[in-house]
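**Q** next comes the sequence, and after it the predicted model I'd like to discuss.
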Amino acid sequence: MNYQDFSENIIKADDIIIFSHVNPDGDTLGSMTALYNVIKNNFQKIPTMVIAGELPEIYEFLPDIEKAVTFDKIEKDRVFDLAVAIDIAAKDRMGMGLPFFENAKVRMNIDHHKTNNGYGDYTLIKPDACSAGEILFDLFEEHGLKIDKNTADALYTSILTDTGGFRFENTSAKTFEIASKLVKYGTKPGTIARYCFESKPKAMVLLQANALINAEFLENQKIAYTCISQKDMEKFNAKEDYTEGIVGALRQIKTTEVAAVLKEVTKQSTKVSLRSKNVDCSKIAAAFDGGGHAFAAGCTIQKPLNIARDKLIEEIKKHI
Ligand code: AMP
Ligand code: MN
Ligand code: MN
């Protein structure tokens, strides 16, 4: 997709919908609100923003995120002129919203996951970009679209969170150049970092501590994993996003090559988060129809927690 495709389709569309992915993170939510602001300020249109499930508390600060709705608030037969998927590696990561994407007259897919298979009518997929926010920044800046402080804050959130605070391998000279420009557009890095990294609910930190205490280590401690059951979630009165960050804490251990968090979603379904240092963990996720990036990937295994764990460990062992 070139800029002309992007702008002409926005100009033609009266009814636009922007999708974020299930288990939303700072990149998908930051990118969605940034695109919303750019369309509002530059094309004088108000898109619909949707969240699949609950908004993580830490992202309540994002500009205009309170305008985002859940899919049950949209009439079932509504046909959008334009649907934009942002940071969504695979179509099924739109959750309940997929029919709205499929039924839209024009579908755009803007993403940086290397496992993205190029669904949609127009695609802008850059696996080298640190975040979907970086792709949007380039698109906006190269074509002179107005980036106000709200847009800058949202894009900065995308970049800050998907680079783990400018620490992961996806952090490049370009990442810092964009961050520098966003600061000139008005973003205060200290403020956004505090929202993203130092505003966790207490129960989230305690759930994390409990998950780390229960961690297991295999293959000379190269594999570090922990399981979180529905019972654990209930014990800490945890919301779905409270498990975010646990897998990163396991990777922090020097000996860890592959870190995994298995979360019981239902008695028959287990969500897996993977992080690694050298191993391409998107290949491990792909063995279970998941995907992601080389060092951060995920999948859902349609098996009970214990069985999913055994199958996952067996697969990880093939890769280390
Ligand atoms: P998570 O562990 O949920 O934070 O996901 C890590 C990375 O893998 C993110 O970039 C996700 O977008 C991606 N990912 C997670 N689950 C899946 C899946 N089922 N299919 C494709 N990509 C996924
Ligand atoms: Mn994401
Ligand atoms: Mn991303």
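**A** Great, that's in hand. Ligands and ions are numbered 1, 2, ... in the order given.
**Q** would you tell me whether the helix or strand of the chain with the lowest mean pLDDT gets close to ligand 2?
**A** Here the helix or strand of the chain ranked lowest by mean pLDDT, DSSP states H and E is strand 291-292, holding a mean of 94. No. Counting by C-beta under 5 Å from the ion, ligand 2 is not contacted by strand 291-292; separation bottoms out at 8.7 Å. To be clear about C-beta, it is placed using only N, CA and C from the backbone, and glycine gets the same treatment.
**Q** and that strand, how far from the chain's centre?
**A** Counting by C-alpha atoms, centre = their mean, to the nearest Å, strand 291-292 is centred 11 Å from the centre of its parent chain.
**Q** do stretch 74-90 as well
**A** Between the centre of stretch 74-90 and the centre of its chain there are 17 Å (C-alpha atoms, centre = their mean).
**Q** residues touching the closest residue to ligand 1 within the stretch 51-200 of the chain, list them.
**A** Nearest residue of the stretch 51-200 of the chain to ligand 1: residue 89, at 3.7 Å (C-beta to the nearest ligand atom). Neighbouring residues of residue 89 by C-beta atoms under 8 Å, 6 or more residues apart in numbering: 21, 111, 113, 115, 116, 291, 292.
**Q** of those residues, which pair is most distant in space?
**A** Spatial extent of the contacts of residue 89 (C-beta to C-beta) is set by the pair 21 and 115 at 13.0 Å.
**Q** so for the two, which sits in the more crowded spot?
**A** residue 21 (27 against 18; other C-beta atoms under 10 Å).
**Q** report the rounded mean pLDDT for stretch 16-34.
**A** Throughout stretch 16-34, pLDDT has a mean value of 97.
**Q** now the end-to-end length of it.
**A** Stretch 16-34 has its terminal residues 14 Å apart, counting by C-alpha to C-alpha, to the nearest Å.
**Q** is it up against ligand 3 anywhere?
**A** Yes. With C-beta under 5 Å from the ion as the measure, stretch 16-34 is seen reaching ligand 3 through residue 27.
**Q** briefly note if that stretch comes near ligand 1.
**A** Yes. Stretch 16-34 lies within reach of ligand 1 by C-beta under 6 Å from any ligand atom, at residue 23.
**Q** quick revisit: for the least confident helix or strand of the chain, packing partners?
**A** Under the contact definition 3 or more C-beta pairs under 8 Å, 6 or more residues apart in numbering; DSSP states H and E, strand 291-292 sits against helix 281-286, strand 296-301.
**Q** mean neighbour count, mean pLDDT and distance to ligand 2 for those - can I get that in TSV?
**A** As requested, the helices and strands packed on strand 291-292 are arranged in TSV below (neighbours: other C-beta atoms under 10 Å; pLDDT from 0 to 100; distance: least, C-beta to the ion, whole Å):
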stretch	mean neighbour count	mean pLDDT	distance to ligand 2
helix 281-286	23	98	13
strand 296-301	22	97	9
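**Q** now distance to residue 190 too, for the ones you listed, in CSV please.
**A** As requested, the helices and strands packed on strand 291-292 are exported to CSV (distance: least, C-beta to C-beta, whole Å):
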stretch, distance to residue 190
helix 281-286, 32
strand 296-301, 25
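**Q** of these, which is nearest residue 225?
**A** Set against residue 225 and scored by C-beta to C-beta, the helices and strands packed on strand 291-292 come closest in helix 281-286, at 11.8 Å.
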